[in-house]
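Asker: Predicted model, plus sequence, below.
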Amino acid sequence: MVIIMLGAPASGKGSVAEILSKEFNIPAISSGDIFRKYISEGTEIGQRANSYMTKGQLVPDDLTVELITSRLKEDDVQNGLILDGFPRTVNQAKVLDEMLTKEGKKIDIVVNLETPEEEILERITNRMICTNSDCKAVYNTVLHPSKVEGICDKCGSPLYQRDDDKLEKAKNRLEVYHRETAPVADYYKETGALYSTVLSKSVNRMKDEVARDVINYLKNK
Ligand code: AMP
């Protein structure tokens, strides 16, 4: 099973992916997390990626595709996977199609989380993430605050704000999203794999509903 999560930054892709990952017992692969891992390990690839990420720009397709291609060869994704944050350009979507076709696989569903425009920046700039890499729970200081400010409800670790979630960088990322990533949804519309849904402010109720709808759709397919 191959599931693609599309949507603006902080639209809830990771949260929905996590529910689907548990349900279908397949890994959720976040391209952003892959880059952040390379950065934290201090590798040359990480440094190259970081120079784009810190400006709120996309990492160039050649580097991104190289990392995703090698990740998709690993054993744990052979029975299925959820891609969160990839593809982010039409070119990446085309490369992914080629990759999957070669392996006799195809996309089962593209889940596009549409967020009302006026909410996107608010969501990005109020997002807080658990520092514990085994937890990575996501909060929003307005929509879904942790019970104790700055502390994760699930594991008690401190929360942090991603540097690229700060206002100026968030604005850049949003612009990039509209220019480069929104057309990916149109690309998938043509293939008929697109499942679009609007996630509004009540994100925590909605993400469960979206995940349930996707699960029902895939089980009845
Ligand atoms: P994310 O964690 O998905 O918000 O990604 C954080 C940053 O990583 C993005 O703003 C980009 O700079 C970079 N990134 C993640 N996925 C991709 C991708 N598919 N193509 C290019 N850059 C990416």
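Answerer: It's in.
Asker: And the residue of this structure that's closest to the ligand?
Answerer: G32 (2.0 Å; C-beta to the nearest ligand atom). C-beta here means a position set from N, CA and C on the backbone, and glycine is covered the same way.
Asker: Quick one: residues contacting the closest residue to that residue other than its chain neighbours.
Answerer: Nearest residue to G32 in three dimensions, chain neighbours excluded: G85, at 4.9 Å (C-beta to C-beta, 6 or more residues apart in numbering). Applying C-beta atoms under 8 Å, 6 or more residues apart in numbering to G85 gives the contacts 5, 13, 30-32.
Asker: cutoff 10 Å now
Answerer: Residues in contact with G85 (C-beta atoms under 10 Å, 6 or more residues apart in numbering) are 4-7, 9, 13-14, 17, 28-35, 64, 68, 181.
Asker: Are any of those buried, and if so which?
Answerer: 4-7, 9, 13-14, 17, 28-32, 34-35, 64, 68, 181 (16 or more other C-beta atoms under 10 Å).
Asker: all strands of the chain, in order?
Answerer: Under the criterion DSSP state E, strands of the chain are mapped to 2-7, 28-30, 81-84, 109-114, 127-130, 138-140, 159-160, 194-198.
Asker: Need the ones you listed in a markdown table (columns: mean pLDDT and distance to the ligand).
Answerer: Listed next are the strands of the chain as a markdown table, based on pLDDT from 0 to 100; distance: least, C-beta to the nearest ligand atom, whole Å:
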| stretch | mean pLDDT | distance to the ligand |
| --- | --- | --- |
| strand 2-7 | 95 | 10 |
| strand 28-30 | 96 | 6 |
| strand 81-84 | 97 | 7 |
| strand 109-114 | 92 | 13 |
| strand 127-130 | 96 | 10 |
| strand 138-140 | 93 | 11 |
| strand 159-160 | 98 | 14 |
| strand 194-198 | 76 | 18 |
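Asker: Would you mind putting those strands into JSON lines with distance to S146 alongside?
Answerer: Shown next, in JSON lines, are the strands of the chain (distance: least, C-beta to C-beta, whole Å):
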{"stretch": "strand 2-7", "distance to S146": "23"}
{"stretch": "strand 28-30", "distance to S146": "21"}
{"stretch": "strand 81-84", "distance to S146": "22"}
{"stretch": "strand 109-114", "distance to S146": "22"}
{"stretch": "strand 127-130", "distance to S146": "7"}
{"stretch": "strand 138-140", "distance to S146": "5"}
{"stretch": "strand 159-160", "distance to S146": "6"}
{"stretch": "strand 194-198", "distance to S146": "26"}
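Asker: wait, which of the ones you listed is closest to K221?
Answerer: Taking C-beta to C-beta, strand 109-114 is the member of the strands of the chain nearest to K221, at 8.2 Å.
Asker: How about the least confident helix or strand in the chain by mean pLDDT, which residues are buried there?
Answerer: Within the chain, no helix or strand scores below strand 194-198, which has a mean of 76 by mean pLDDT, DSSP states H and E. Using 16+ other C-beta under 10 Å as the test for burial, strand 194-198 gives 194-195.
Asker: Alright, I will stop here.
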